[in-house]
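Q: below are the sequence and a predicted model; questions follow.
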Protein chains: 2
Amino acid sequence: MVSESGISTFERIDLDCGVTIAPVECAWESYGTLNELKSNAILIEHAFSGDAHAAGEGGWWSNMIGPGKAFDTDKYFVICSNVLGGCRGTTGPGSINPETGEPWAMSFPVVTIADMVRLQKTLIDSFGIRKLLGVAGGSMGGMQALEWAVAYPGSVAAALPIATTARHSAQQIAFNEVGRQAIMADPDWNEGNYYGGKPPGRGLSVARMVGHITYMSDASMRAKFGRRLRAPDQFEVESYLQYRGSTFVDRFDANSYLYITRAMDSFDLTERGTLGSLFERIPTRFLVISFTSDWLYPSYQSLEVVSALRSRNCDVAYCNLASDYGHDAFLVEVKEQSELVRGFLASTFRSLPA
Amino acid sequence: MVSESGISTFERIDLDCGVTIAPVECAWESYGTLNELKSNAILIEHAFSGDAHAAGEGGWWSNMIGPGKAFDTDKYFVICSNVLGGCRGTTGPGSINPETGEPWAMSFPVVTIADMVRLQKTLIDSFGIRKLLGVAGGSMGGMQALEWAVAYPGSVAAALPIATTARHSAQQIAFNEVGRQAIMADPDWNEGNYYGGKPPGRGLSVARMVGHITYMSDASMRAKFGRRLRAPDQFEVESYLQYRGSTFVDRFDANSYLYITRAMDSFDLTERGTLGSLFERIPTRFLVISFTSDWLYPSYQSLEVVSALRSRNCDVAYCNLASDYGHDAFLVEVKEQSELVRGFLASTFRSLPA
């Protein structure tokens, strides 16, 4: 598989909050080859804690992206970039503010899902791609896929929002808020000024533990851990969560946690009008996928999007896939998901004007 | 309503872990009047963060206990005591260890649900009550009701385990573990030695926030908060959770949080045999109640108990009450619950030998 990676620097990005970041950097990876018409590009959107490394060794969606896979790199040119506000190469709170020479920390401006997508649009433009064959992602990645279709309908042939929502519920906001409070309760957070010193590892670890519980289902936790003991006074599930919490600290920035969860919570397509009115006359085709045991992004949230699309006679396929894996299903339920995605992309690709 | 309260001191309690606490104190309240036969006593078991103050002004189950209410204090003598390991009058990690003159803190011995019930049995004996008309409680209170029936079947005419389980699932353990880790991540926890100083309020507050989310349902959070804002950059649900977290610090001891959640997690009736074998020849009548939207203690856990009781032809009534209130339903769904409890207690009382 041909793959490339890079960090593109753009002159500026104007944010929803009114602030301009200039310059701005965007870390990306690509897999496969862009065809001459530049009509085979698919943008993959990562979830909250993901990054641009979507495919290949250790890629977070490597079971879905590659030669012969759902996102077939023998046919398509697949791109993934780290989100604005992130900590894996794209400009975020841990980046240096050129005006001060210091990390932005909490002086980093508030970013939104729309801002993230705006930066991706700039990136896609820089590749000379006028229209994406597809935009796909799960969870927060699905929010970005929805945002792409609404913000740049002429630039997306197909959108694949998976295990996602048009707006967070009170419960989703609440779980994110617990994570934020856990980070800010850690004295090492120090109002966000910990770069070059000790990061708020204890708080970030607790935040990640909460996250992991919400990504799994009651049934998948029972199957994976049950009440098995790791030590006489420690359940396996406790040891697992502690491990996942502590290793997260090595690869994620606590301030990015605050900014990105805030972007997710504030995302609400319905602020711009009813979902139906937003989807009016959108030419994009949709494949919406949810999973039966996903209680963090329950199926009813996907159905809300699907109903609105159907109310406007948009081209939409919806599948609520049976799975015990909870929200994590979008990362692990490869077989059925691949069937759907492969067929949907192929038919979209065939239908493009030559 | 006649009510009394007191703190009873007992010579000793021998714990499951092999340690003896001597002496041991037990805080209790009672409502109504014990009849001459001492046959009208009902023991109420509080949930994780509750205390002995179950009825009257500010009582945690005052909507269920009182004159003419479900637990009718015109007919019954209702008792509630604070659990062993607690922080509301009964001996716990914040109590003074008589051998050192200092608070036990983390040198307090490990306590179990069975230990809590053993102390309650001593308390009930001290009232001269040989057989309780009923033992009732929700959540951890329900675990104690089950423990009573299994440990002292001849001493309980009726058990009312509500919104509870015979053993915690991996998910339930996981949520408790997050709370424990949040507390222990707070530097003010100081390995449990904070008495007389600053308690680990930030950690305890985060722990409580997680708890509150699990006590509500997706639907009840939507109804109560939705996406309403409290301030331009704060959702109401965030403000609510922060408030509930911060006020909890004033009334609950962080070390008790650690000990009591550990007792809940380690509770597993099936360690002593199959549930069916434990219920073999138990004369106790059961009323088991669960709630449709309770995802923390899902109905299948109550059904597991009910199935085992039915397999042994025990006298059991089971209701899965429709409610949107999640786990909190046992505290707020008064009407239907009262109907069930009232009828069940009356018929049990009538059936007692004169």
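A: Nice, I can see it.
Q: counting neighbours, what do you get for the closest residue to A:Arg244 other than its chain neighbours?
A: If the residues on either side of it in the chain are set aside, A:Arg244 comes closest to A:His212, at 5.3 Å by CB to CB, 6 or more residues apart in numbering or on different chains. C-beta coordinates here come from the backbone N, C-alpha and C atoms, glycine included. A:His212 is flanked by 18 other residues according to other CB atoms under 10 Å in any protein chain shown.
Q: ok, A:His212 - contacts?
A: A:His212 is in contact with A:241, A:244-245, counting by CB atoms under 8 Å, 6 or more residues apart in numbering or on different chains.
Q: okay, it: pLDDT?
A: You'll see A:His212 listed with a pLDDT of 98.
Q: and it, what helix or strand is that in?
A: Taking DSSP states H and E as the definition, one finds A:His212 inside helix A:201-215.
Q: that helix to helix B:201-215, inter-axis angle?
A: When axes from the mean of the first three to the mean of the last three CA atoms, to 10 degrees is applied, the directions of helix A:201-215 and helix B:201-215 differ by 0 degrees.
Q: stretch A:315-328 spans what distance, first to last residue?
A: One end of stretch A:315-328 sits 27 Å from the other (CA to CA, to the nearest Å).
Q: what about that stretch, average pLDDT?
A: 98.
Q: point out the residues in the stretch 1-150 of chain A that sit beside chain B.
A: When proximity is defined by CB under 8 Å from any CB of the partner chain, the stretch 1-150 of chain A lies next to chain B at A:Val110.
Q: quick one, helices of the stretch 1-150 of chain A?
A: Ranges of helices in the stretch 1-150 of chain A, per DSSP state H, counting those that start in this stretch, are A:113-126, A:140-151.
Q: I'd like the ones you listed laid out as a markdown table, including mean neighbour count and mean pLDDT.
A: Converted to a markdown table, those look like this (neighbours: other CB atoms under 10 Å in any protein chain shown; pLDDT from 0 to 100):
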| stretch | mean neighbour count | mean pLDDT |
| --- | --- | --- |
| helix A:113-126 | 21 | 98 |
| helix A:140-151 | 26 | 98 |
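Q: redo these as CSV? Include distance to A:Asp14.
A: Output for those, formatted as CSV (distance: least, CB to CB, whole Å):
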stretch, distance to A:Asp14
helix A:113-126, 8
helix A:140-151, 14
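Q: A:Ser323: which of those is closest?
A: A:Ser323 lies closest, by CB to CB, to one member of the helices of the stretch 1-150 of chain A: helix A:140-151, at 15.7 Å.
Q: now the next helix or strand after the closest one and helix A:113-126, what's the angle there?
A: Per DSSP H and E, the first helix or strand lying C-terminal to helix A:140-151 is strand A:156-162. Between the axis of strand A:156-162 and that of helix A:113-126 there is an angle of 140 degrees, by the same axes, to 10 degrees.
Q: avg pLDDT for the next helix-or-strand element following strand A:156-162?
A: For strand A:156-162, the succeeding helix or strand toward the C-terminus, using DSSP H and E, is helix A:170-185. For helix A:170-185, mean pLDDT rounds to 98.
Q: alpha carbons of helix A:170-185, as CSV, please.
A: Below are the C-alpha coordinates for helix A:170-185, written out as CSV (Å, rounded to 0.1, in the frame of the first residue of the first chain):
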residue,chain,number,x,y,z
ALA,A,170,-27.3,15.6,28.3
GLN,A,171,-25.9,12.2,29.2
GLN,A,172,-23.1,12.5,26.6
ILE,A,173,-22.3,16.0,27.8
ALA,A,174,-22.3,14.7,31.4
PHE,A,175,-19.8,12.0,30.8
ASN,A,176,-17.5,14.4,29.0
GLU,A,177,-17.9,16.9,31.8
VAL,A,178,-16.8,14.3,34.4
GLY,A,179,-13.6,13.8,32.3
ARG,A,180,-13.0,17.5,32.2
GLN,A,181,-13.5,17.9,35.9
ALA,A,182,-11.2,15.0,36.7
ILE,A,183,-8.5,16.7,34.6
MET,A,184,-9.0,20.2,36.1
ALA,A,185,-9.1,18.7,39.7
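Q: which secondary structure elements does it contact?
A: Counting contacts by 3 or more CB pairs under 8 Å, 6 or more residues apart in numbering or on different chains; DSSP states H and E, helix A:170-185 packs against helix A:201-215, helix A:254-266, helix B:170-185, helix B:201-215, helix B:218-224, strand B:234-235, helix B:236-248.
Q: how is chain A divided into domains?
A: Chain A breaks down into these domains under automatic domain parsing: A:3-168+A:268-351, A:171-265.
Q: right, and those - which one's nearest B:Asp16?
A: The nearest among the domains of chain A, by CB to CB, is domain A:171-265 at 13.2 Å.
Q: now do the end-to-end distance for that closest one.
A: Using CA to CA, the distance between the terminal residues of domain A:171-265 is 10 Å.
Q: SS state for A:Tyr318?
A: Under DSSP: H, G, I helix; E, B strand; the rest coil, A:Tyr318 falls in the strand class.
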